[in-house]
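*Asks:* Curious how this folds, go ahead:
(one chain, ligands or ions: 1)
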Amino acid sequence: MSLWWSLVDHPVFTPGTLDRPWDVVIVGGGFSGLWTAHHLNAWEPTLRIAVLEKNRVGSGASGRNGGWVSSLYPIEDHKLLKHTTAESVLSLHVHLRKSIDEIGGFAEREGIDCGFAKGGSLTIARNEGQLKRLTSHIEPEYTLLGARETRSRIQMRGALGSTFTPHCAAINPAALVAGLARSLEKRGVSIFENTEGLISSSNSVSVDGNNLESKFVVRATEAYHEGTRDQVPIYSLMIATEPLPPQVFDEIRISNRETFAEGSHLVTYAQRTADERLAIGGRGAPYTWGSRRKDASEHHRKDHQRLREMAKDWFPILSKFDFTHSWGGAVGVTRDWAPYVRTDENYGEMGGYAGDGVALSYLAAGAMADLILEKKTDRSDLPFVQWKNAKWEPEPLRWLAINGAIRLSGLADKEEKRTNQSSGIMKILSSITGQ
Ligand SMILES: Cc1cc2nc3c(=O)[nH]c(=O)nc-3n(C[C@H](O)[C@H](O)[C@H](O)COP(=O)(O)OP(=O)(O)OC[C@H]3O[C@@H](n4cnc5c(N)ncnc54)[C@H](O)[C@@H]3O)c2cc1C
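*Replies:* Residues are numbered from 1 along each chain as shown. Modelled structure (predicted):
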């Protein structure tokens, strides 16, 4: 179980019968599905909406993630600009930043104690290779901090500098997902847990072989949309410490609960939690053949151990404390790393957030609601709307390329640590991933 769910009571729902006419049936009870219901209900409170969740709400990535409510977007602007206008790209960034505050405002209004703290985010360079990469391109809304300024915010061993953006908040995501689902039920949305919805090729949905009557069907299953070439599940693993005494944070700081990461090639991410732990995550676990998600890969022993070692390398004081939780999950990654919100007549699908889905799913769900209800808003023109993704390569190419890329990223980090220079391996990797 994730740290997050160990701190939160699971809501209980009483949705009544499924066997009635619906305006919208949403398959998937994570942030995408629930925020879609939220935005639909905000437009038209009388809509009859059912959310089907095959397990419990937030049992997927939404209740297991790093809790960064960030304005990150998986692909860079120069790639988006090949497909869309500069205005649309600018609007995307404005909307993403606004989404952070809207999520915080929603939690406050609804009294959801998810520990929302908007302290911004630091990416820290610990060797010259990382520093060169961080300084080579400073995005707007990011500030470059020197070694002294970085250390006044976070005492990470070997920090040479960092970038800082104010546009990120830390939360307990399970508390948010539980609170969101409770709020939806109060507003008349029906949430069916332990209910698997099967979407057929004719875009209708059935449960246990019975077709449901619905005007519109949404697939909001992200990394659980398995075994296809549309997207692949990439594993991200997390660990958390026991609650740490004040003297630890007197030493390592993070006083504003800034989220933070090392500027390594393999993605890392971390936060100081509201109950004074460190929750730390990273990628690196191997991709599983055929784009099938495997529970075992979400609990990859070696990678959890690697994360614990990394945490102690960042903050040597952690060797005196216990790591009490370890868990993982999968993120959905499309071939071009582009998220999507698509509709076609009475069917819609969304996902491909590539690990940036906490704020992005809120925005994507808003766009999905606009499309379903045919509302023309400035969300309808955002780059991910009606985006057509390329297909992933067939196996075994896919398996070889993705696992090769993961392995090379890890080797490139080791090379940069050893040589204190930018990695040559990365040049090869960029040509494989296009990233
Ligand atoms: C370890 C980890 C760390 C991450 N850290 C961050 C972070 O810090 N910041 C960030 O922005 N993003 C992060 N992400 C990504 C983020 O969590 C996801 O992008 C986001 O939660 C996706 O939400 P979702 O609702 O689309 O998918 P999910 O939360 O995965 O929900 C999909 C749901 O669909 C259900 N389902 C699947 N098939 C069916 C079916 N047939 N019938 C009914 N239900 C079905 C599943 O059980 C699941 O609950 C992280 C992800 C992971 C795994």
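*Asks:* Where does Trp327 sit: helix, strand or coil?
*Replies:* Following DSSP: H, G, I helix; E, B strand; the rest coil, Trp327 is assigned to strand.
*Asks:* Now do the contacts for it.
*Replies:* 1-3, 64, 237-238, 298-299 (C-beta atoms under 8 Å, 6 or more residues apart in numbering). C-beta coordinates here come from the backbone N, C-alpha and C atoms, glycine included.
*Asks:* now do Arg342
*Replies:* So Arg342 contacts 348-350, 385-388 (C-beta under 8 Å, 6+ apart).
*Asks:* on that earlier part again, within reach of the ligand, which of the contacts of Trp327 are there?
*Replies:* Filtering the contacts of Trp327 for neighbours of the ligand using C-beta under 6 Å from any ligand atom leaves 64, 238.
*Asks:* By neighbour count, which of the contacts of Arg342 wins?
*Replies:* Counting neighbours by other C-beta atoms under 10 Å, Met350 leads these with 31 neighbours.
*Asks:* Quick one: neighbours of the closest residue to that one other than its chain neighbours, just the number.
*Replies:* Once flanking residues are discounted, Met350 sits nearest to Val341: 4.6 Å by C-beta to C-beta, 6 or more residues apart in numbering. The number of residues packed near Val341 is 29, by other C-beta under 10 Å.
*Asks:* Now do the longest helix seen in the chain: everything it contacts.
*Replies:* Ranked by residue count and defined by DSSP state H, the top helix of the chain is helix 86-110. For helix 86-110, the surrounding residues in contact (C-beta under 8 Å, 6+ apart) are 69-73, 77, 80-81, 112, 114, 116, 118, 141, 167-169, 171, 176, 179-180, 183, 358-360, 362-363, 378-379, 381-384.
*Asks:* Can you name the residues that contact Arg257?
*Replies:* 117, 119, 170, 271-272, 274.
*Asks:* helix, strand or coil for it?
*Replies:* Of the three states, Arg257 takes coil under three-state DSSP.
*Asks:* Can you pull the phi/psi pair for it?
*Replies:* Torsion angles at Arg257 (phi, psi; degrees, to the nearest 10) stand at phi 60, psi 40.
*Asks:* give me the number of residues near whatever residue of the stretch 251-400 of the chain ends up closest to the ligand?
*Replies:* Going by C-beta to the nearest ligand atom, the ligand is nearest to Gly357 of the stretch 251-400 of the chain, at 1.9 Å. Burial of Gly357 is recorded as 28 neighbouring residues (other C-beta under 10 Å).
*Asks:* Kindly report the same for the one 4 residues further on.
*Replies:* For Ser361, the count of nearby residues is 28 (other C-beta under 10 Å).
*Asks:* Pull up the gap between Tyr142 and the ligand, please.
*Replies:* 17 Å (C-beta to the nearest ligand atom, to the nearest Å).
*Asks:* any idea of the mean pLDDT in stretch 349-368?
*Replies:* For stretch 349-368, the mean pLDDT works out to 98.
*Asks:* now swap in stretch 408-415 and tell me
*Replies:* On average, stretch 408-415 scores 93.
*Asks:* Report the buried residues of that stretch.
*Replies:* Neighbour counts over stretch 408-415 (16 or more other C-beta atoms under 10 Å) mark 408-413, 415 as buried.
*Asks:* quick one, helices of the stretch 51-200 of the chain?
*Replies:* 77-80, 86-110, 128-136, 147-153, 173-186 (DSSP state H, counting those that start in this stretch).
*Asks:* now the shortest one, how far from the chain's geometric center?
*Replies:* The gap between where helix 77-80 is centred and where its chain is centred comes out at 20 Å by C-alpha atoms, centre = their mean, to the nearest Å.
*Asks:* if we can go back for a sec, thinking the residue nearest to Met350 is in contact with Lys388, fair?
*Replies:* No: counting by C-beta atoms under 8 Å, Val341 stays clear of Lys388, with 11.8 Å between them.
*Asks:* Which neighbours do the two have in common?
*Replies:* Counting by C-beta under 8 Å, 6+ apart, nothing touches both Val341 and Lys388.
*Asks:* Poorly predicted segments of the stretch 251-400 of the chain, please.
*Replies:* Judged against pLDDT under 70, the stretch 251-400 of the chain has no low-scoring part.
*Asks:* Return the residues of it in contact with the ligand.
*Replies:* 269, 281, 328-331, 351, 353, 355-358, 361.
*Asks:* which of those residues lies closest to Glu222?
*Replies:* Nearest to Glu222 among those, counting by C-beta to C-beta, is Gly351 at 4.2 Å.
*Asks:* just how off-centre is the helix or strand containing the residue nearest to Met350 within its chain?
*Replies:* Per DSSP states H and E, Val341 falls inside strand 340-344. With C-alpha atoms, centre = their mean as the basis, strand 340-344 stands 19 Å off its chain's centre.
*Asks:* What of stretch 47-60?
*Replies:* Here the centre of stretch 47-60 is set off from its chain's centre by 18 Å, with C-alpha atoms, centre = their mean.
*Asks:* Equivalent analysis for stretch 240-256, please.
*Replies:* With C-alpha atoms, centre = their mean, you get 25 Å for stretch 240-256.
*Asks:* That one: end-to-end distance?
*Replies:* One end of stretch 240-256 sits 19 Å from the other (C-alpha to C-alpha, to the nearest Å).
*Asks:* re earlier: a markdown table for the helices of the stretch 51-200 of the chain, including mean pLDDT?
*Replies:* Output for the helices of the stretch 51-200 of the chain, formatted as a markdown table (pLDDT from 0 to 100):
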| stretch | mean pLDDT |
| --- | --- |
| helix 77-80 | 94 |
| helix 86-110 | 97 |
| helix 128-136 | 94 |
| helix 147-153 | 98 |
| helix 173-186 | 98 |
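*Asks:* Tell me which of these sits nearest to the ligand.
*Replies:* helix 173-186 (6.8 Å).
*Asks:* what's the nearest residue to Gly263 if we skip its chain neighbours?
*Replies:* Closest residue to Gly263 apart from its sequence neighbours, by C-beta to C-beta, 6+ apart: Gln130 at 4.0 Å.
*Asks:* what's around the one you found, how many residues?
*Replies:* So Gln130, with other C-beta under 10 Å, has 27 neighbours.
*Asks:* Please list all residues in contact with it.
*Replies:* Taking C-beta under 8 Å, 6+ apart as the criterion, Gln130 is in contact with 124, 160, 262-264, 416.
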